[in-house]
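Colleague: Pasting the sequence and the predicted coordinates here, then a few questions.
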Amino acid sequence: MYKSVEEFMDMVAAKNPAQPEFLQAVREVTESLWDYLQDHPHYLHANILDRIVEPERVIMFRVPWRNDRGEVMVNRGFRVEFNSAIGPYKGGLRFHSSVNLGILKFLGFEQVFKNSLTTLPMGGGKGGSDFDPKGKSDNEVMSFCQSFMTELQRHIGPNTDVPAGDIGVGGREIGFLFGQYKRLRNEFTGVLTGKALNWGGSLIRPEATGYGTVYFAEEMLNVKGDSIKGKTVAISGSGNVAQYATEKVNHLGGKVVTLSDSSGTIYDPNGIDEEKLKFIFELKNVKRGRIKDYTAKYDAEYWEGQRPWKAKCDVAMPCATQNEVNKAEAEMLIANGCICVSEGANMPSDPDAIEVYLNNRILYGLGKAANAGGVSVSGLEMSQNSMRLSWTREEVDQKLKGIMKSIHSQCMKYGKEGDYVNYMKGANIAGFIKVADSMLDQGVV
């Protein structure tokens, strides 16, 4: 047995060199769990920690495809099937130039705990490629997706591994991937989630991660006798999660003042209302333009090459990517009056930023809890596919709200520290218990 977190982390680091994001994710969970494990040593005796940080399977493959000039291009594809103790592997596919094994292992590891918190029977996995759809034609994206799925289809299935979308994988990519799976396997099954409505998708799925992040923030604020209504909200990103988080904040009476992309941030002190949000939808989803174009139409500032965290706000929602909030930015948020951080992305705050949140005792909803709405509705899509039926928008939204409320309750149960709730600790312990107990029930797996 390990005598300290450091001794355990030394072992993990030795086995997983040059994977900083994965090591960061493992450290966060291990530090949250450590005291709980000392009080429940049967997990340590069974070496659950060693087992839970090791993926059950890692698949890596070549993806050759042809561009519009007729040239053969080659990318690398991955699927990390991390843990299937409570259900089939479930987690997104990310197509982005930054994708590597370490990033996908971090995402897959996070997914194990996130999926456990949803109360749905889903294990954890993640996959993707260093292919970047940005700037590619529809024909090039289709060529790549078909090549990618030609290999991936051997390893997935509705009862084995059910991928979804993530950064760079939206409705277009899911459609091309599903079409190739159906062609090769000659079967129409719920093997992917995030599908279009007319061929097996679920209502609310595109909105789910953004809506869920806002619902979680509302739950945290409700505990303090507060709500989103009247709050100024800073949101990063301008993709699917950020767009629908903005929409839901507007529905609940809040005001979103920032959105961003990799080039910079827009700051609109008047708020990004429904009409302005429609422009964002068109700009990012149809024209695939840059967020800077917003300032040509509306009276807003553009912060070139900067993130949104210097904006004065009550609530911050990082909805872009990992490690997008550092210590200095977290301190700036607190200094500007931020009382709540609800993460729509995976691990968007670095460890020093998280320390700032916890030391200042603000409401902090970490990604594996606050952004679990997306995978929750993916799980509901799987259920609808299995039963060959479709629930109404209202039914799915109510189920999503109920799941986010349940996740919040689990975090409260295990995260209470006097009059403060440490949601990070609560989420990690609650997610761990279900997976670890399932692993123990199933023997040495």
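Modeller: Structure's in. What do you need?

Colleague: Now do the longest helix seen in the chain: everything it contacts.
Modeller: Across the chain, the helix with the greatest residue count (assigned by DSSP state H) is helix 393-415. Under the criterion Cβ atoms under 8 Å, 6 or more residues apart in numbering, residues 36, 117-120, 202-205, 208, 211-212, 215-216, 219-220, 223, 365, 369, 372-373, 376-377, 380, 391, 421-427, 429-430 lie in contact with helix 393-415. Every C-beta, even on glycine, is put in place using the N, C-alpha and C of the backbone.

Colleague: Please look at Asp150 and Gly179 and confirm they touch.
Modeller: To be clear, residue 150 is Thr; Asp isn't right here. No - contact criterion Cβ atoms under 8 Å: Thr150 and Gly179 do not qualify, at 11.9 Å.

Colleague: which residues in the stretch 301-445 of the chain form helices?
Modeller: 327-335, 351-359, 367-370, 373-387, 393-415, 423-441 (DSSP state H, counting those that start in this stretch).

Colleague: Let me know which of those is the nearest to Lys292.
Modeller: Within these, the stretch nearest Lys292 is helix 327-335; the backing value is 20.7 Å (Cβ to Cβ).

Colleague: which strands and helices sit next to that closest one?
Modeller: With contacts taken as 3 or more Cβ pairs under 8 Å, 6 or more residues apart in numbering; DSSP states H and E, helix 327-335 sits against helix 351-359.

Colleague: Only the buried residues of the helix it packs on, if you could.
Modeller: Ala353, Ile354, Val356, Tyr357, Leu358 (16 or more other Cβ atoms under 10 Å).

Colleague: quick one: it to helix 327-335, angle?
Modeller: 20 degrees (axes from the mean of the first three to the mean of the last three Cα atoms, to 10 degrees).

Colleague: I'd like to know which elements helix 351-359 is packed against.
Modeller: Partner elements for helix 351-359 (3+ Cβ pairs under 8 Å, 6+ apart): helix 20-39, helix 327-335, strand 363-365.

Colleague: redo that, cut-off 6 Å
Modeller: For helix 351-359, the packing partners by 3 or more Cβ pairs under 6 Å, 6 or more residues apart in numbering; DSSP states H and E come out as helix 327-335.

Colleague: Return the distance of Gly92 relative to Glu324.
Modeller: Gly92 sits 18 Å away from Glu324, going by Cβ to Cβ, to the nearest Å.

Colleague: Looking at those two, which is more packed in?
Modeller: Gly92 (25 against 22; other Cβ atoms under 10 Å).

Colleague: bridging residues for that one?
Modeller: Ala164 (DSSP bridges).

Colleague: That one and Val162 touch, don't they?
Modeller: No - counting by Cβ atoms under 6 Å, Gly92 does not reach Val162; the two are 10.4 Å apart.

Colleague: can you give me the strands for the chain?
Modeller: Under the criterion DSSP state E, the chain contains strands at 57-66, 72-83, 89-95, 123-129, 161-164, 232-235, 255-261, 264-267, 301-304, 315-317, 340-342, 363-365, 416-417, 420-421.

Colleague: CA atoms of the longest one as PDB?
Modeller: It stands for strand 72-83. Taking Å, rounded to 0.1, in the frame of the first residue of the first chain, the C-alpha atoms of strand 72-83 are listed here in PDB:
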ATOM      1  CA  VAL A  72      -3.000  11.200 -49.500                       C
ATOM      2  CA  MET A  73      -2.800  12.500 -46.000                       C
ATOM      3  CA  VAL A  74      -2.200  10.500 -42.800                       C
ATOM      4  CA  ASN A  75      -3.400  11.100 -39.300                       C
ATOM      5  CA  ARG A  76      -3.400   9.100 -36.100                       C
ATOM      6  CA  GLY A  77      -6.600   7.700 -34.600                       C
ATOM      7  CA  PHE A  78      -7.200   6.700 -31.000                       C
ATOM      8  CA  ARG A  79      -9.800   5.100 -28.700                       C
ATOM      9  CA  VAL A  80      -9.100   4.800 -25.000                       C
ATOM     10  CA  GLU A  81     -11.500   2.300 -23.400                       C
ATOM     11  CA  PHE A  82     -10.900   3.200 -19.800                       C
ATOM     12  CA  ASN A  83     -13.400   1.400 -17.500                       C
END
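
Colleague: Renumber starting at 5 from here on
Modeller: In the new numbering, first residue 5, that becomes strand 76-87.

Colleague: Buried residues, that strand. List them.
Modeller: Under 16+ other Cβ under 10 Å, the buried positions of strand 76-87 are Met77, Asn79, Gly81, Phe82, Arg83, Val84, Glu85, Phe86, Asn87.

Colleague: JSON lines please, covering the residues you listed and showing pLDDT.
Modeller: Shown next, in JSON lines, are those (pLDDT from 0 to 100):
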{"residue": "Met77", "pLDDT": "98"}
{"residue": "Asn79", "pLDDT": "98"}
{"residue": "Gly81", "pLDDT": "98"}
{"residue": "Phe82", "pLDDT": "98"}
{"residue": "Arg83", "pLDDT": "98"}
{"residue": "Val84", "pLDDT": "98"}
{"residue": "Glu85", "pLDDT": "98"}
{"residue": "Phe86", "pLDDT": "98"}
{"residue": "Asn87", "pLDDT": "98"}
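
Colleague: and which of the residues you listed is nearest Asp265?
Modeller: Closest approach to Asp265 among the buried residues of strand 76-87 (Cβ to Cβ): Asn79, at 22.8 Å.
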